[in-house]
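Peer 1: model the structure of this input:
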Amino acid sequence: MAANASPNPYTQVIDLTSKSQRKARRDEVGTLEAPDPPLDEATLESLPHRVEQAVYAAGWADMMEVQKKAIPYMLADRDLIVQAQTGSGKTGAFLLPLFDRIDPEKEEAQALILTPTRELARQIKEEFERMKLGTPETNQLEVALLYGGVGYGPQIEALKGGAQLVVGTPGRTLDHLKKKNFKADTVHQFILDEADEMLSMGFLPDIEEIEGYLTYDKRASHMVSATMPPKVRNAARAFLRDPGFLSLSTEQVSVSAMDYRYYLVNPMDKDRTLERLIALEEPESAIIFANTKKEVSYLQQFLSNQGIAVDEMSGDLSQRDREKAIDRLRSGETRMMVATDVAARGIDVSDLSHVFIYDVPQDHEYIIHRSGRTARAGKEGTAIILATHEDEFELERMAKAYDIELEKAELPEDPADTATALLEDRRRDSTADDETVRQFLPLVDQLAQERPELLATVIADLYEAAQAAEEEAEETAA
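Peer 2: Alright, predicted model coming up:
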């Protein structure tokens, strides 16, 4: 551990290297307890110098609540499970202590962070790179970023070059371990980000195998996530040694500054409804979530045809294309992105004002991960859900499970629909016969192509006259 780190009085060396022992720990019955003994919250003044300077380098005037509460335990190398709202500053909570626990003079891997997605791994690296500029010492720290879809060369070079922090996805990290590109016996800080996803059955075998390479006998391990289902809490016993459970969101994991609204729509009208809502909301930037890659591609093409600058992101895109799409959204080059749940975890875009949930997620927890892309770090945001009548019951269950204040909203009247109805009424009441009407059809076609504003003016006058008559009738009735 770092040269300036004090001995850890809490660490217990427990052998969890065998699969049978890990399974036994997972199957233990019981609840996780709050950290004991408890520690006081951190303040800027109480932080080690390098950690304090990393806060300032990140551009923060002060720490967020989750950071104040969690950092003291991590600085003390006490195993910890942290559950906190998405967008609450969890990444900073586990990155900041590393500037004290990692020794810049040792060119060897000392910390390993595992994430479920390549995008999240990349963002963690970028955040660490920004923080490390705080002091000349920490500016020497290097990061090895390990994920699939890209070449091995730069990753091997970073590992062989003595990167002190390794950030990766499970598959590629395990690959490097097996090929002996990555020697993990010096790793004494082990972090699972988005732990609920990492300990799902899809990742669990790889995580177990990776953990077997971490032989440092007094390793500190931490898990963080917005949601922490009971089965994940039990699985955590296989990797953590008597962890404290620090929950800042047991009763509410949704973001308090979030405005949740849903609209009941006909499945055949969802695309047009989405287009209308985008026009009404005028989001500064937004992510639109759909359940399938096919739906993502359709919506990207549909919205592009309406003149809306929008990218798409799904598992079908190469890593390079996915990174370019995120960069365009962050820079403002594009205003919107349509995505599958590959973007529901980890995509952090400053000032993302809206999330549109085009399809209600099949996994209830993803209502939190999707909506959590906005209203981050104390900012406000809006989550808009398009639900069919078949979705409504499940949506209400999700809201109840995660204490979401969900408003059922009515779509405002569409002027185009009203104008069409007025024209149909006028046609029925017209005294012109069919032959006379047919004489003007060529002119209408020509005007629609060459002078559409003339036709639009006639329709607008008809619409406004009807609106004025309706308002007058309401005032008379009142």
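Peer 1: which residues touch the nearest residue to Arg50 once chain neighbours are set aside?
Peer 2: Spatially, and ignoring its direct neighbours in sequence, Arg50 is nearest to Phe99 (4.4 Å; C-beta to C-beta, 6 or more residues apart in numbering). Using the backbone N, CA and C atoms, a C-beta is placed for each residue, glycine as well. Going by C-beta atoms under 8 Å, 6 or more residues apart in numbering, Phe99 touches 48, 50-51, 53-54, 131-132, 134, 138, 141.
Peer 1: out of these, the closest to Ala34 would be?
Peer 2: Val51 (23.3 Å; C-beta to C-beta).
Peer 1: give me the neighbour count for Tyr358.
Peer 2: 20 (other C-beta atoms under 10 Å).
Peer 1: same question but for Gln189, I mixed them up
Peer 2: Gln189 has 26 neighbours, counted by other C-beta under 10 Å.
Peer 1: the helix or strand bottoming out on mean pLDDT in the chain: what's the following helix or strand?
Peer 2: Ranked by mean pLDDT, DSSP states H and E, the weakest helix or strand in the chain is helix 19-26, scoring a mean of 52. Going down the chain from helix 19-26, the next helix or strand is helix 49-57, by DSSP states H and E.
Peer 1: got the buried residues for the helix or strand Val437 falls within?
Peer 2: Per DSSP H and E: Val437 is located in helix 434-450. The neighbour-count check on helix 434-450 (16 or more other C-beta atoms under 10 Å) flags Leu447 as buried.
Peer 1: distance from it to the middle of the chain?
Peer 2: Taking C-alpha atoms, centre = their mean, to the nearest Å, the mean C-alpha location of helix 434-450 is offset from the chain mean by 52 Å.
Peer 1: pLDDT averaged over it - what is it?
Peer 2: When pLDDT is averaged along helix 434-450, the result is 88.
Peer 1: cool, stretch 364-373 as well?
Peer 2: 72.
Peer 1: what's near enough to touch the residue nearest to Val150 when sequence neighbours are not counted?
Peer 2: Distances taken as C-beta to C-beta, 6+ apart place Gln319 nearest to Val150, at 5.4 Å, with adjacent residues excluded. When contacts are counted by C-beta under 8 Å, 6+ apart, Gln319 touches 118, 147-150.
Peer 1: dump these to TSV, plus distance to Val458 and secondary structure.
Peer 2: Converted to TSV, those look like this (distance: C-beta to C-beta, whole Å; DSSP: H, G, I helix; E, B strand; the rest coil):
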residue	distance to Val458	secondary structure
Arg118	54	helix
Tyr147	58	coil
Gly148	59	coil
Gly149	55	coil
Val150	58	coil
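Peer 1: and those residues, which of them are buried?
Peer 2: Buried, going by 16+ other C-beta under 10 Å: 118, 147, 150, out of the contacts of Gln319.
Peer 1: for Gln189, see how far away the residue nearest to Arg50 is.
Peer 2: Phe99 is 11 Å from Gln189, where distance means C-beta to C-beta, to the nearest Å.
Peer 1: again, but for Asp434
Peer 2: Computed as C-beta to C-beta, the Asp434 to Gln189 distance reads 81 Å.
Peer 1: still on that earlier bit, and the helix holding Val437, what does it pack onto?
Peer 2: helix 452-477 (3 or more C-beta pairs under 8 Å, 6 or more residues apart in numbering; DSSP states H and E).
Peer 1: circling back to that earlier point, make TSV from the contacts of Phe99 and add distance to Met64, pLDDT and neighbour count to it.
Peer 2: As requested, the contacts of Phe99 are exported to TSV (distance: C-beta to C-beta, whole Å; pLDDT from 0 to 100; neighbours: other C-beta atoms under 10 Å):
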residue	distance to Met64	pLDDT	neighbour count
Pro48	18	96	18
Arg50	19	96	23
Val51	14	96	26
Gln53	17	96	20
Ala54	14	96	27
Met131	14	96	25
Lys132	19	96	27
Gly134	17	93	21
Thr138	20	94	22
Leu141	23	96	21
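Peer 1: of those residues, which is the nearest to Ile326?
Peer 2: Using C-beta to C-beta, the shortest approach to Ile326 within those belongs to Met131, at 19.9 Å.
Peer 1: right, and the closest one touches Gly59 too?
Peer 2: No: under the criterion of C-beta atoms under 8 Å, Met131 is not in contact with Gly59, lying 9.6 Å apart.
Peer 1: quick one on the thing from earlier: let me know the angle separating the helix holding Val437 from helix 452-477.
Peer 2: Our comparison of helix 434-450 with helix 452-477, counting by axes from the mean of the first three to the mean of the last three C-alpha atoms, to 10 degrees, yields an angle of 110 degrees.
Peer 1: hmm, who's touching helix 434-450?
Peer 2: 430, 454-455.
Peer 1: excluding chain neighbours, what is closest to Gly148?
Peer 2: In space, Gly148 is closest to Arg172, 4.7 Å off (C-beta to C-beta, 6+ apart).
Peer 1: downstream neighbour of the strand or helix carrying that neighbour in the secondary structure list?
Peer 2: Assessed by DSSP H and E, Arg172 sits inside helix 170-178. Using DSSP H and E, the next helix or strand after helix 170-178 towards the C-terminus is strand 189-193.
Peer 1: give me the distance from stretch 414-422 to the chain's centre.
Peer 2: With C-alpha atoms, centre = their mean as the basis, stretch 414-422 stands 38 Å off its chain's centre.
Peer 1: for that stretch, buried residues please.
Peer 2: Quick answer for stretch 414-422 (16+ other C-beta under 10 Å): 419, 422.
Peer 1: okay, now the domains of the chain?
Peer 2: 19-247, 258-408, 415-477 (automatic domain parsing).
Peer 1: give me the pLDDT for Arg78.
Peer 2: 94.
Peer 1: bridging residues for Leu145?
Peer 2: Beta-bridge partners for Leu145, by DSSP bridges, are Val167.
Peer 1: count the residues that sit near it.
Peer 2: Leu145 has 22 neighbouring residues, counting by other C-beta under 10 Å.
Peer 1: distance check, it against Gly168.
Peer 2: 7 Å.
Peer 1: gap between Thr117 and Leu454?
Peer 2: Taking C-beta to C-beta, one finds Thr117 at 53 Å from Leu454.
Peer 1: also Arg219?
Peer 2: Going from Arg219 to Leu454 by C-beta to C-beta gives 76 Å.
Peer 1: looking at these two, which one has more neighbours?
Peer 2: Shown here are Arg219 and Leu454; by other C-beta under 10 Å, Arg219 has more neighbours (22 against 10).
Peer 1: give me the nearest residue to the more buried one, chain neighbours excluded.
Peer 2: His188 (5.2 Å).
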